[in-house]
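Enquirer: From the sequence below, what's the structure:
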Amino acid sequence: MSLEFYRLRHEALAVFRAAIDAVEPGRLVAQFLSREGEQAVVAATPTHTRRWRGSTTIIGAGKAVASMAAACERLLGADAVTGEVIVPDGCGLPLVSIAVSEAGHPLPDKRGEAATRRSIRRLRKTQTGGVLCLISGGASSLMVCPRDGVTLADKVCTTERLLASGAGIDEFNCVRKHLSAVKGGALLRCAQVPITTLLLSDVVGDAPSTIGSGPTAADPTTFADALGVLARHGLTTALPVRVIQHLHAGQQGLIPETVKPGSPEAARSHNVIVGSNRTALSGAADAARRRGWNVHVDWQPLIGDTTDAATAFIAGLREMAQRHVGVDRLCVLRGGETTVTLAVHGRGGRNQEFALAAARAISGWHVVLLSAGTDGVDGPTDAAGAIVDGSTCERATRRGLDPEAALAAHDSYTFFGLLDDLVRCGPTGTNVGDIKIALLTRLSSAVSGPVLEASA
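Expert: Numbers count the residues shown, from 1 in each chain. Below you'll find the model as predicted:
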């Protein structure tokens with residue numbers, strides 16, 4: 001690897017770290033939550049504030065909620081809060097008055113179900129004070145309580161099939177909501193007092209009904225919608241019979257729908273977005289400018305098939321290069337969340353696959369491209385993503401590696417591991433989706449470089 005690429009990689013990693021720092025959960029919570037005398041205060045906007053006196057009951061789930069809960073103890077006082085939050089294995093923190101329980105992710109498990117049922121009991125017993133719910137990415141798997149007639153094993157199987165199908169997060173959550181006793185606003189039905197929810201968004205659009213499958217948000221989707229998702233992805237006959245029977249019963253009106261907009265339950269809920277992918281992109285942009293880069297942020301999220309998204313991103317880079325040929329240093333930033341449909345099961349995640357799909361298209365360019373998850377985890381691997389540059393394919397060829405074969409086998413983790421191109425930072429304690437960072441110099445090389453075919 002040339003000294004130029006080595007330096008560009010160092011720059012890209014520094015910008016990525018700045019993006020993570022910008023979405024540190026405790027800092028974000030402190031922008032909205034405070035204590036004024038004996039009152040807890042959540043100020044969503046200057047004109048929209050919720051207050052309550054007495055003890056605050058904390059519940060929640062997600063990759064970032066341990067840090068969010070720690071901020072609640074610090075801001076409100078540990079003596080004024082109690083409760084329990086659910087996090088993935090390895091994401092716990094030692095707190096004073098709020099219990100932290102670890103559970104399975106991305107597949108739900110019995111630990112998550114037991115912790116969720118404890119939260120439900122806690123909500124039903126809370127008659128005074130306030131309830132503060134903390135939700136971040138990962139909550140859909142961690143906060144799990146199947147509806148009557150559906151088992152945890154049924155939900156695990158459904159999750160596995162949906163993960164492999166390439167279904168988008170909205171589709172995924174639509175199905176999960178209609179199998180759950182807590183998702184789709186159902187947690188509101190357990191509460192005796194109004195619930196205020198602080199959400200750290202990891203989904204495109206930042207809709208409270210989608211973040212963590214919306215346990216405290218009204219749900220516009222229906223049982224019919226859930227069945228439509230299964231039909232579109234060929235899963236109608238691939239799931240447990242109880243799941244299909246349950247969804248059909250709901251469609252026929254035999255089972256109550258999820259909480260709907262305008263309902264009394266929804267009126268008792270107050271949802272506040274404390275941070276999102278845009279927050280991370282803004283932090284990355286500020287850092288890149290401080291490091292002397294001309295920065296362009298594409299605020300349109302990348303979604304859909306990962307290889308198609310890589311095609312679109314590289315095409316956008318070429319257009320940017322054509323418009324900025326006279327610029328010495330250009331940083332292009334974009335976020336989002338793509339999907340991978342697994343016909344075969346290699347090792348990797350959507351960010352590693354994105355980088356692999358883009359690698360040959362940037363061959364010969366003076367560019368470094370980093371694609372990584374802000375949670376520090378990409379698929380079932382120990383990497384956040386991968387970093388590629390204009391020499392990646394050449395270095396791979398010298399090592400006897402075939403990027404096309406690795407892409408076809410969905411085996412990006414092995415490919416990048418052998419090249420030492422994985423981005424490993426460990427769990428970050430936050431989660432706002434994915435970040436793409438491209439650093440370009442000598443932009444004329446991008447203008448004349450090869451093109452990634454959409455069929456690759």
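
Enquirer: residue ranges for the helices of the stretch 301-450 of the chain, please.
Expert: In chain order, the stretch 301-450 of the chain shows helices spanning 306-323, 350-359, 392-398, 403-408, 412-419, 444-447, with DSSP state H, counting those that start in this stretch as the criterion.

Enquirer: Looking at the ones you listed, which one is packed in the most?
Expert: For the helices of the stretch 301-450 of the chain, the largest average neighbour count (mean count of other CB atoms under 10 Å) is found in helix 350-359, namely a mean of 29. Bear in mind the C-beta positions are built from the backbone N, C-alpha and C, glycine included.

Enquirer: Packing partners of that helix?
Expert: Contact partners of helix 350-359 among helices and strands, from 3 or more CB pairs under 8 Å, 6 or more residues apart in numbering; DSSP states H and E: helix 306-323, strand 367-373, strand 385-389, helix 392-398, helix 403-408, helix 412-419, strand 434-441.

Enquirer: Can you give me the distance of the residue of the chain positioned farthest from its centre to residue 415?
Expert: In the chain, counting by CA atoms, centre = their mean, residue 326 sits farthest out from the average C-alpha position, at 36.5 Å. According to CB to CB, to the nearest Å, residue 326 stands 36 Å off from residue 415.

Enquirer: what bits of the stretch 101-250 of the chain have low per-residue confidence?
Expert: When the per-residue scores of the stretch 101-250 of the chain are filtered using pLDDT under 70, no range remains.

Enquirer: Centre of the chain to stretch 405-413, how far?
Expert: 23 Å (CA atoms, centre = their mean, to the nearest Å).

Enquirer: Alpha carbons only: can I get that stretch in PDB?
Expert: Once side chains and other backbone atoms are set aside, the C-alpha atoms of stretch 405-413 remain, and they are given as PDB (Å, rounded to 0.1, in the frame of the first residue of the first chain):
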ATOM      1  CA  ALA A 405     -16.000 -14.700  -6.100                       C
ATOM      2  CA  ALA A 406     -16.000 -13.300  -2.600                       C
ATOM      3  CA  LEU A 407     -19.000 -11.000  -3.500                       C
ATOM      4  CA  ALA A 408     -20.900 -13.900  -5.000                       C
ATOM      5  CA  ALA A 409     -20.300 -16.000  -1.900                       C
ATOM      6  CA  HIS A 410     -21.200 -13.100   0.500                       C
ATOM      7  CA  ASP A 411     -17.800 -13.800   2.000                       C
ATOM      8  CA  SER A 412     -16.500 -10.200   2.400                       C
ATOM      9  CA  TYR A 413     -15.200 -10.800   6.000                       C
END
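
Enquirer: For it, give the mean pLDDT please.
Expert: Over the span of stretch 405-413, the pLDDT mean works out to 94.

Enquirer: For the stretch 151-300 of the chain, which segments count as strands?
Expert: Remark: strands assigned in the stretch 151-300 of the chain by DSSP state E, counting those that start in this stretch are 195-200, 269-275, 294-302.

Enquirer: What helices and strands are in contact with the last one?
Expert: Strand 294-302 is packed against helix 277-290, helix 306-323, strand 329-336, with contacts defined by 3+ CB pairs under 8 Å, 6+ apart.

Enquirer: Please tabulate the ones you listed in TSV and include distance to residue 297 as additional columns.
Expert: TSV is the format used below for those (distance: least, CB to CB, whole Å):
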stretch	distance to residue 297
helix 277-290	5
helix 306-323	11
strand 329-336	5
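
Enquirer: Pipe the ones you listed into JSON lines and attach distance to residue 93 and mean pLDDT per row.
Expert: Output for the helices and strands packed on strand 294-302, formatted as JSON lines (distance: least, CB to CB, whole Å; pLDDT from 0 to 100):
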{"stretch": "helix 277-290", "distance to residue 93": "21", "mean pLDDT": "98"}
{"stretch": "helix 306-323", "distance to residue 93": "32", "mean pLDDT": "92"}
{"stretch": "strand 329-336", "distance to residue 93": "26", "mean pLDDT": "96"}
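
Enquirer: Among these, which comes closest to residue 13?
Expert: Closest to residue 13 of the helices and strands packed on strand 294-302 is helix 277-290 (CB to CB; 11.0 Å).

Enquirer: Which elements pack onto the closest one?
Expert: Under the contact criterion of 3+ CB pairs under 8 Å, 6+ apart, the helices and strands touching helix 277-290 comprise helix 3-22, strand 294-302, strand 329-336, strand 434-441.

Enquirer: switch the cut-off to 6 Å
Expert: Helices and strands touching helix 277-290, as assessed by 3 or more CB pairs under 6 Å, 6 or more residues apart in numbering; DSSP states H and E, comprise helix 3-22, strand 294-302, strand 329-336.

Enquirer: Could you please name the strands the shortest one pairs with and the direction of each pair?
Expert: Strand 329-336 has the following sheet partners, assigned by DSSP bridges: strand 294-302 (parallel), strand 434-441 (antiparallel).
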